[in-house]
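Participant: could you look at this predicted model? Sequence included:
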Amino acid sequence: MSTRLARLLMYAGIAIGIGAAATTGPTAVRAGDGAQPARAHQPSVLQPAALEWQAASRAPTVYGLRRFPYPYRAMLALSSDADSQTLRKFNLVHRFINTTERTPLGQGLGLDYADSFFVYTANDERHVVDEIGRVPLQRELSYFEGTSQAPYGAKAIHVYVRVGWIDTLHTYGDFSQVDQRKTRFRRQLAAQAVAALKANGDSVDVWTDHGNRSNVDNFGARGRRRLYAYQQGDLPGSPYYHTDLTIPYGIRFVWPDISSNVFSRPSVVFPLRLADGRRVWGFWRYTNERYTPHGAVVWNWTPYGLNEQLSEAHLARLEADGGFAVVAQHLCGTPYPGVLPKEAVAALQRLARHAQSGRLLVARTSRLLHYNIARDHLRYDVTHAFGRTYIHIRAIDDPVFGPHVPTLDEVRGITFYTQNPRRTVLELGDRPVDPALVVHNPSDGLHPSIGIRWYPRDTADHAIDVPGVS
Ligand SMILES: [Zn+2]
């Protein structure tokens with residue numbers, strides 16, 4: 001029902017309550033405030049039959065947003081960097097984590113996990129990244145071959161971006177050099193990469209910084225500490241400046257090479273102002289548990305650290321906190337045929353048990369980040385008519401990219417506590433959401449709830465082989 005119609009009915013003397021004010025009103029409901037809908041006007045004297053009628057027709061109360069889609073209590077994403085990735089290792093790991101097939105690593109876990117990719121490879125270190133085929137580092141999986149414009153893994157990466165097995169750009173490439181004063185990155189490479197990705201429809205909106213100081217295309221932490229002076233991706237005038245191309249390409253979320261030993265957070269995003277004045281969302285990743293006595297980070301983001309990262313204590317704490325966790329990894333980081341050691345497999349199986357129990361929603365990084373923004377900056381209001389309550393989702397008041405009316409995908413998982421889901425109507429603006437996308441949930445101990453359905457589970461095997469790609 002439209003707010004305007006509600007007002008007309010009210011002027012006509014029909015008992016009706018209007019919740020919060022419309023979009024520009026001072027009492028518009030914001031995320032976290034909890035909805036406080038007005039009660040229906042109640043005449044002072046009513047006959048018993050009328051009282052019964054009114055009780056039956058009283059519109060349910062909305063109690064505000066649930067933190068996560070029912071029944072989940074927390075959300076976690078695995079955010080794995082493309083270092084040392086080969087197509088063979090990528091496929092092995094994704095078949096195990098994403099599908100429910102029998103795989104060499106065990107029964108597939110059926111979790112939503114998306115990876116990252118490089119566009120170029122220019123690393124001059126000498127080691128083997130895959131013992132099978134003795135693949136040298138220079139043949140790790142990247143969109144183009146070396147720093148050329150000849151496709152290498154482009155075909156596979158294109159498929160994986162489309163199906164959701166890749167959602168993150170791990171910088172423009174692996175530019176790590178043995179001599180960190182040198183780099184092979186140039187702005188032109190970024191321009192060519194953006195042109196090719198756009199032409200092929202390969203769009204991702206998450207960026208994670210990579211590697212040592214030769215990776216001058218990194219950005220986001222410049223000015224934080226002297227250590228980060230090497231980052232020039234967002235520095236106008238630098239031969240390595242590219243964020244004037246990269247942000248318009250569609251990057252919205254940036255992990256700016258900052259470590260953290262905090263596993264569970266109420267929110268993982270923060271506004272980030274770049275050196276060129278552009279604004280994006282930064283996000284935290286859990287990268288380490290400890291520091292050396294000298295304060296150096298002891299990274300635990302390899303498969304050998306996965307058991308420590310996904311410990312029972314961490315997962316239980318995350319669920320008790322009702323928090324978000326983005327866990328940094330390098331799941332294709334080992335050169336061994338089986339890729340993941342036994343303890344890492346066991347840790348992922350533990351994660352899957354938490355997901356299956358309905359406590360922990362495991363989601364790809366981009367989905368977690370978008371949900372974090374939508375939930376924390378959702379604007380909605382509540383109206384009542386004829387015993388029903390209408391929740392109107394008006395906008396996501398994104399403080400970085402600006403307020404906008406969300407698409408349905410942007411509000412997937414958004415869940416409201418309500419006295420009675422069956423008599424609550426979810427609307428995007430003033431139009432009811434497609435009933436197929438609305439879920440009614442029983443009480444979780446606090447209240448029943450109504451929400452917009454989370455993404456459908458996809459456990460299909462999307463793995464492909466590409467001739468000539470290791
Ligand atoms: Zn990396």
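Facilitator: Sure, I can see it.

Participant: so who does the nearest residue to Glu131 once chain neighbours are set aside touch?
Facilitator: Closest residue in space to Glu131, ignoring its immediate chain neighbours: Pro335 at 5.0 Å, by C-beta to C-beta, 6 or more residues apart in numbering. Glycine gets a C-beta too; all of them are placed from N, C-alpha and C. Applying C-beta atoms under 8 Å, 6 or more residues apart in numbering to Pro335 gives the contacts 84, 127-131.

Participant: same thing but 10 Å
Facilitator: By C-beta atoms under 10 Å, 6 or more residues apart in numbering, the contact list for Pro335 reads 84, 86, 89, 127-132, 134-135, 137.

Participant: doesn't it belong to a helix?
Facilitator: No. Per DSSP: H, G, I helix; E, B strand; the rest coil, Pro335 lies outside any helix segment and is coil.

Participant: confidence score at Phe386?
Facilitator: Per-residue confidence at Phe386 stands at 94 (pLDDT).

Participant: over to Gly223?
Facilitator: Gly223 is assigned 87 on the pLDDT scale.

Participant: swap in Leu227?
Facilitator: Looking at Leu227, its pLDDT is 89.

Participant: how close does it get to Ser259?
Facilitator: Distance of Leu227 to Ser259, given as C-beta to C-beta, to the nearest Å: 11 Å.

Participant: looking at the two, which one has more neighbours?
Facilitator: Using other C-beta atoms under 10 Å as the criterion, Leu227 and Ser259 rank with Ser259 on top: 16 against 10.

Participant: how about the stretch 101-250 of the chain: which residue is closest to the ion?
Facilitator: His210 (3.4 Å; C-beta to the ion).

Participant: how about that residue, nearest residue that isn't a chain neighbour?
Facilitator: Nearest residue to His210 in three dimensions, chain neighbours excluded: Thr171, at 4.4 Å (C-beta to C-beta, 6+ apart).

Participant: now do Gly106
Facilitator: Nearest non-adjacent residue to Gly106, counting by C-beta to C-beta, 6+ apart: Val345, 6.0 Å away.

Participant: what pLDDT does the residue in the stretch 251-400 of the chain positioned nearest to the ion get?
Facilitator: Residue of the stretch 251-400 of the chain nearest the ion, by C-beta to the ion: His330 (6.8 Å). Listed pLDDT for His330 reads 98.

Participant: list the contacts of Ala395.
Facilitator: Shown in contact with Ala395 (C-beta under 10 Å, 6+ apart): 23, 28, 377-380, 402-406, 429.

Participant: which of those ranks first by neighbour count?
Facilitator: Within those, most neighbours by other C-beta under 10 Å means Tyr380, with 26 neighbours.

Participant: I'd assumed that residue was in a strand, is it?
Facilitator: Yes. Per three-state DSSP, Tyr380 lies within a strand segment.

Participant: was I right to think Pro432 contacts Val438?
Facilitator: Yes. Look at Pro432 against Val438 with C-beta atoms under 10 Å: they come within range, at 8.3 Å.

Participant: point out the residues in the protein that sit beside the ion.
Facilitator: Residues of the chain found near the ion (C-beta under 5 Å from the ion) are 81, 83, 210.

Participant: list the residues that contact the second one.
Facilitator: Asp83 is in contact with 116, 118, 123, 129, 137, 140, 170, 174, 176, 210-211, 301-302, 330-333, counting by C-beta under 10 Å, 6+ apart.

Participant: for Gly333, what are its contacts?
Facilitator: Neighbour list for Gly333: 80-85, 89, 129, 301-304, 339-340 [criterion: C-beta under 10 Å, 6+ apart].

Participant: which of these are buried, as a PyMOL select command?
Facilitator: The following PyMOL line selects those of the contacts of Gly333 that are buried, judged by 16 or more other C-beta atoms under 10 Å:
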select buried, resi 80+81+82+83+84+85+89+129+301+302+303+339+340
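
Participant: which phi and psi values does the residue nearest to Gly106 adopt?
Facilitator: Backbone torsions of Val345, given as degrees, to the nearest 10, read phi -60, psi -40.

Participant: contact partners for it?
Facilitator: The neighbours of Val345, taking C-beta under 10 Å, 6+ apart as the test, are 96, 105-106, 109, 303, 306-307, 338-339.

Participant: list only buried entries from these.
Facilitator: Buried positions within those, assessed by neighbour count (16+ other C-beta under 10 Å), are 96, 105, 109, 303, 306-307, 339.
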